[in-house]
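> fold the following and give me the result.
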Amino acid sequence: MIRSFFSLIWLYRLSSPKFFYRISGRVIPWLFLASITLLAVGLFWGLLIAPPDARQGHSFRIIYIHVPASFLALAGYYFMAAAGAVGLVWRTKMSFWFMKSAASIGAAMTFIALFSGAIWGRPSWGTYWVWDARVTSMLILLFLYLGVMAMIRAFDNSELGQKNGAILALIGTVNVPIIYKSVDWWHTLHQPATLKVMAESSIHIDMLQPLVVMIAGFYLFYALTICLFLRAEILYHEQGTSWVKELCARRPKGRG
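Residues are numbered from 1 along each chain as shown. The predicted structure follows:
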C-alpha cells in the first residue's frame, strides 16, 4: 500500500513539465550510454559471432534489426494509446505530448520493421512483398501511427487535435492483437513466432542471446528518444513560462 502510494506521487510529479525536464536531463546520459553499448554488443554478437541458420544461412541475421523494431512498433502503440487515455481522463498535457512523441517514434519503428522484413522476404519468399496477414496488419499499424500524427495536427485548436488523436489511437489498439495472432489464425507465408514468453522459444540459444541483447538495447533507445522528444515538446509549449526563460538565460550564448 505504501509503495503504491509513493508510486502514484512519483507519477504525479512526472506529469509536471518542469520536474520531468530536470529529471530526464540526468537520466539521458545514462540511457544513451546503456543503449549504445547494448546495441553495439548485440550487433557485433549477432552479425559476426552467432552461427548461420541451417536453412536461411546468413540472411537470417536481419532478425537482429527486424524483431526488436517489430516488438517496439507493437509495444510503442500501447504506450501511445495508454498516454492518450490518461490525457483524455485526467487531461494532463504531458500525456498528450508523450502520445505525440510516441506516434513519431512508433511510425519510424514500424517502417524499419516493414523495410527490414521486405529485405528478409526476398531470399526467404522470393519477393520483397506479399499481402500476407502479418505484413498487411503491420502496414495498417503504420497507417494508424501516421493517422494519429495527422489528427493531432489537423485542428487549429491543439487540444481538440490531441483529443481526437487519442481517440483514434485507442480505436487502433484492436489491430495490435490481430498482428500478434495473425500467424496463428491464418495460414500465411510469415513464419510463426520463434521468440516466446510463455512457452519455449524455437530459436537456438546461440542466436537467442544476442537477440535479447538487441531487444533490450532497442527498448532503452526508445526510452532515450522519448525523453528527447518530450524535452523538445516541453520547451516548445512552455517557452513563455518563467522557468524556461530562466533556463535559457543561464545557457551561454553562441558567438556570432
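> so where's this structure shaky on pLDDT?
Residues of the chain that meet the criterion pLDDT under 70 lie in 1-12, 189-190, 193-201, 252-256.
> quick one, helices of it?
Under the criterion DSSP state H, the chain contains helices at 2-14, 17-44, 63-90, 93-125, 133-153, 158-172, 175-185, 205-237, 242-250.
> need the ones you listed in CSV with distance to residue 52, can you?
For every residue, glycine as well, the C-beta is placed using N, CA and C. Formatted as CSV, the helices of the chain follow (distance: least, C-beta to C-beta, whole Å):
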stretch, distance to residue 52
helix 2-14, 45
helix 17-44, 16
helix 63-90, 12
helix 93-125, 12
helix 133-153, 24
helix 158-172, 38
helix 175-185, 24
helix 205-237, 9
helix 242-250, 52
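> among those helices, which is nearest residue 51?
With C-beta to C-beta, the closest approach to residue 51 among these belongs to helix 205-237: 5.7 Å.
> mind listing what's buried along the closest one?
207, 209-211, 213-231, 233-234, 237 (16 or more other C-beta atoms under 10 Å).
> now swap in stretch 72-81 and tell me
For stretch 72-81, a neighbour-count test (16+ other C-beta under 10 Å) marks 72-77, 79-81 as buried.
> could you do stretch 45-52 as well?
Burial within stretch 45-52, assessed by neighbour count using 16+ other C-beta under 10 Å, is assigned to 45-46, 50.
> looking at the buried residues of stretch 72-81, which one is closest to residue 181?
residue 74 (11.7 Å).
> how near is that closest one to residue 101?
Computed as C-beta to C-beta, to the nearest Å, the residue 74 to residue 101 distance reads 17 Å.
> what do you get for residue 147?
Separation of residue 147 from residue 101 (C-beta to C-beta): 16 Å.
> if you count surrounding residues, which of the two has more?
Neighbours per residue (other C-beta atoms under 10 Å) separate residue 147 from residue 101, with residue 101 holding more: 22 against 19.
> got the contact list for the more buried one?
225-226, 229-230, 233 (C-beta atoms under 8 Å, 6 or more residues apart in numbering).
> same question, residue 245
Contacts for residue 245 were tallied using C-beta under 8 Å, 6+ apart; they are residue 239.
> number of residues surrounding the nearest residue to residue 100 once chain neighbours are set aside?
In this structure, residue 100 finds its nearest non-sequential neighbour in residue 152, 5.6 Å apart by C-beta to C-beta, 6 or more residues apart in numbering. Residues within reach of residue 152, counting by other C-beta under 10 Å, total 23.
> what's the answer for residue 203, then?
Counted with other C-beta under 10 Å, residue 203 comes out at 18.
> how near is the closest residue to residue 216 other than its chain neighbours to residue 45?
Leaving aside its chain neighbours, residue 216 sits nearest to residue 38 (5.4 Å; criterion: C-beta to C-beta, 6+ apart). In this view, residue 38 and residue 45 are 10 Å apart by C-beta to C-beta.
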